[in-house]
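Novice: Predicted model and sequence follow; I will ask about them next.
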Amino acid sequence: MPAVQMAGVSKTYRRRGGMPQKALDSLDLVVENGGVHGFLGPNGSGKTTTIRVLLGLVASDGDGEIRLLDRPVPAGLPEVIGGVGALVETPLFFPNFSGRLNLQLLAETAGVSRNRVEECLEIVDLRDRADDRFKGYSLGMKQRLGIAAALLKSPRLLILDEPSNGLDPAGIRDVRELIRRLGRDGRTTVLLSSHLLAEIQQVADHVSILARGRCVASGPVHEVLAAAASSDVRVRVPDPSAAAAVITGAGFRVSPGTFPDGSPDWSVIVVHAVTSPADITRLLAEHGHWLEELTRATPDLESAFLAITQDHPTAGNPIPGSAA
Ligand SMILES: Nc1ncnc2c1ncn2[C@@H]1O[C@H](COP(=O)(O)OP(=O)(O)OP(=O)(O)O)[C@@H](O)[C@H]1O
């Protein structure tokens, strides 16, 4: 059974005096058990709302079906919430208490043993600093303590909402390493929400991409990349602008390659939606353009993400013509 199943779930925020905002629009999401499932989407695409709905922190519009660890949400939440650990916002800890004491207090409330506190400190690599005061921790250490707190109850599902937000590069690296380790332990399924493509690409096995409150792509990371890559080819010829005109004239859509800084590189032509690369080779040869190079474009997740979300602009989804 998947850890998370959502089918046709919508959520509209209604604010007094404001336009209703449709944050989730008939969302379908399946998170299979095990490993790290990346939940990727631009700001405002509905990631946090999805997590809040899953945890019963906000109510959906009442349509569709939500199941968490195979129990219906919200009715069955009390049965399964003990098996879910979540880091949704920066957790509150006592600044003058040590990391260890903070965890021990939480463990007592949750009926968790002190041994487990030590295990969790070990998992997040904070044992050496466990007796230091929380307020002296770096942001990355604070975040790792938050993850340790979410792990206390040995959850089957760990939900992390943008855990790298605000961290410096070293903090990001440590949190990334930790998530990787957790995904490999075989007991925990990690649902990792992020707008940072590199983060998802480096740690997730599966990814669901959200745009405007809908899931627009889902599957193993390499398959999502391959699907986005399969129809683009990169072409190098001595006279790119004349060749681009020929290719466009034959009905193909082209765009320039990109330099690492994101600026256009017109020495490379990217031809989109190519079923057979041989068609491009023949077309160019017929017009006297001899190929120096033709390769399938293999975008990183960032390009795939942009291509996939291009048709799904985000920034909230006000419902036209309606008043709150
Ligand atoms: N409490 C709220 N009241 C009204 N609108 C809201 C509320 N919370 C979120 N929204 C709107 O719902 C949409 C989805 O927001 P949400 O926070 O779920 O997206 P997100 O993908 O998590 O974005 P971010 O990465 O910026 O947190 C946005 O348009 C947002 O402005």
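Specialist: Received it, and whenever you're ready, just let me know what you need.
Novice: Quick check: mean pLDDT of the host helix or strand of T48?
Specialist: For T48, the element it lies in under DSSP states H and E is helix 47-54. Average pLDDT, helix 47-54: 95.
Novice: Begin at 320, not 1, for the rest of this chat.
Specialist: Noted, 320 is the first residue going forward, which turns the last one into helix 366-373.
Novice: Which strands and helices lie in contact with whichever helix or strand comes after it?
Specialist: Of the helices and strands lying after helix 366-373 in sequence (DSSP H and E), the nearest is strand 384-387. Packing partners of strand 384-387 (3 or more Cβ pairs under 8 Å, 6 or more residues apart in numbering; DSSP states H and E): strand 323-332, helix 366-373. C-beta coordinates here come from the backbone N, C-alpha and C atoms, glycine included.
Novice: For the ligand, tell me whether the longest one is touching it.
Specialist: Yes. Contact check for strand 323-332 against the ligand, using Cβ under 6 Å from any ligand atom: residues in range are Y332.
Novice: what secondary structure does the residue lying farthest from the centre of the chain sit in?
Specialist: Most distant from the centre of the chain: G607, at 45.3 Å, with distances by Cα atoms, centre = their mean. Of the three states, G607 takes coil under DSSP: H, G, I helix; E, B strand; the rest coil.
Novice: Roughly how far does it sit from P557?
Specialist: Going from G607 to P557 by Cβ to Cβ, to the nearest Å gives 10 Å.
Novice: and the next element down the chain from the helix or strand that contains V543?
Specialist: Here V543 sits within helix 540-548, counting by DSSP H and E. Beyond helix 540-548 on the C-terminal side, the first helix or strand identified by DSSP H and E is strand 552-555.
Novice: How about that following strand, which residues are buried there?
Specialist: V552, V554 (16 or more other Cβ atoms under 10 Å).
Novice: Repeat that for stretch 515-532.
Specialist: Quick answer for stretch 515-532 (16+ other Cβ under 10 Å): 515-516, 518-532.
Novice: Quick check: which ranges of the protein have low pLDDT?
Specialist: For the chain, the stretches with pLDDT under 70 are 544-549, 617-643.
Novice: and with 50 instead?
Specialist: Within the chain, the ranges that satisfy pLDDT under 50 run 631-643.
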